[in-house]
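Trainee: Requesting a structural model of the entry that follows:
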Amino acid sequence: MAPAQETGAFTYRLDLAYEGTDFRGFARQPEVRTVQGELEKALSVMLRENVPTTCAGRTDAGVHARRQVVSMTLSRRIAEEATAVWSLNRLLPSDMAVHRISAAEEGWSARFSACWRAYRYQVRTDPRADPLTRRLVWHLGVPLDVDAMNRAAALLAGTHDFASFCRAAEGRSTVREVREAQWRTEGAGHLTFEVLASSFCQQMVRSMVGWCVEVGRGRREASETPGVLAARNRQAAGQVAPPQGLILWEVGYGTPGESRQGD
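Mentor: As a prediction, the model looks like this:
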């Protein structure tokens, strides 16, 4: 792909998906395979320059993305964006795919311009394992009380200090606004947790799922949720759900009603 001759500083948005099983998370790290490392390596080959990137939300090891968003600043314009997508996908590994590359305004950031992020987490309650989905779901194999889980999820919605539901980060606020949190039955033996917030702390969604599952199994009560939040103690919320069921579903750059795309 040959960029146009015009030079300067040009900001681009890149939308991509990945199956996170074989990555040690999104953020580049020396000596290990990461999404950002593979993406920047492919971009540098295609564009013949080093291309630092910024993502909307760093996913942990084993977590997937349906619609991750990345920003980058280039020294030259991309002549044909559709051709660039095709060329980049030829350079990327098979567990990654770029859906779109588009020009953005100067100063736009995938991270700091984002208004909300939406995640989904998939749980399988059917006692029979499904080897075709094992990389994308948490297979519990036991029945769950979905009504009780939704009562717990409703109490997690709103603006709270989520210190009990995330990995400690010294000097960083753990207050977040959760705008939507609900469990949905997709079919026999398949549940999906949908959550949307302005931003998330590390392991926050997986901790919320772990808590709701404890409630769904009858080990804890939904009514305990406010007390767990108030404790501001990671041990109060119990287990963290495994990473393979979690998908970064969508990132919004306006209100949810204006920007959410169809499934």
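
Trainee: So Ala17 is in contact with Asp95, correct?
Mentor: No: the pair Ala17 / Asp95 is not scored as a contact, 9.4 Å apart, by Cβ atoms under 8 Å. (Each C-beta comes from the backbone N, C-alpha and C, glycine too.)

Trainee: What is the burial count for Arg219?
Mentor: Residues near Arg219, counting by other Cβ atoms under 10 Å, number 10.

Trainee: Hmm, I typed the wrong one, I wanted Gly158.
Mentor: For Gly158, using other Cβ under 10 Å, the count is 12.

Trainee: now the one 3 residues further on
Mentor: Look at Asp161: counted by other Cβ under 10 Å, it has 15 neighbours.

Trainee: go on, Gly252?
Mentor: Residues lying near Gly252 (other Cβ under 10 Å) number 20.

Trainee: do you know how far it is from Asp15?
Mentor: In this view, Gly252 and Asp15 are 13 Å apart by Cβ to Cβ, to the nearest Å.

Trainee: next one: Leu43
Mentor: 14 Å.

Trainee: More neighbours: these two, which one.
Mentor: Taking other Cβ under 10 Å, Leu43 and Asp15 do not tie; Leu43 has more neighbours (26 against 20).

Trainee: ok, the more buried one - contacts?
Mentor: With contact set as Cβ atoms under 8 Å, 6 or more residues apart in numbering, Leu43 has these partners: Val51, Thr53, Met72, Leu88.

Trainee: do the same with Trp138
Mentor: Tyr121, Gln122, Val123, Arg124, Val209, Ala241, Pro242, Gln244, Gly245.

Trainee: Could you look up the SS state of the fifth one?
Mentor: The reference is to Val209. Val209 falls in the helix class when you classify it by DSSP: H, G, I helix; E, B strand; the rest coil.

Trainee: State whether it and Tyr119 are indeed in contact, as I suppose.
Mentor: No: using Cβ under 8 Å, Val209 is not in contact with Tyr119, being 9.5 Å away.
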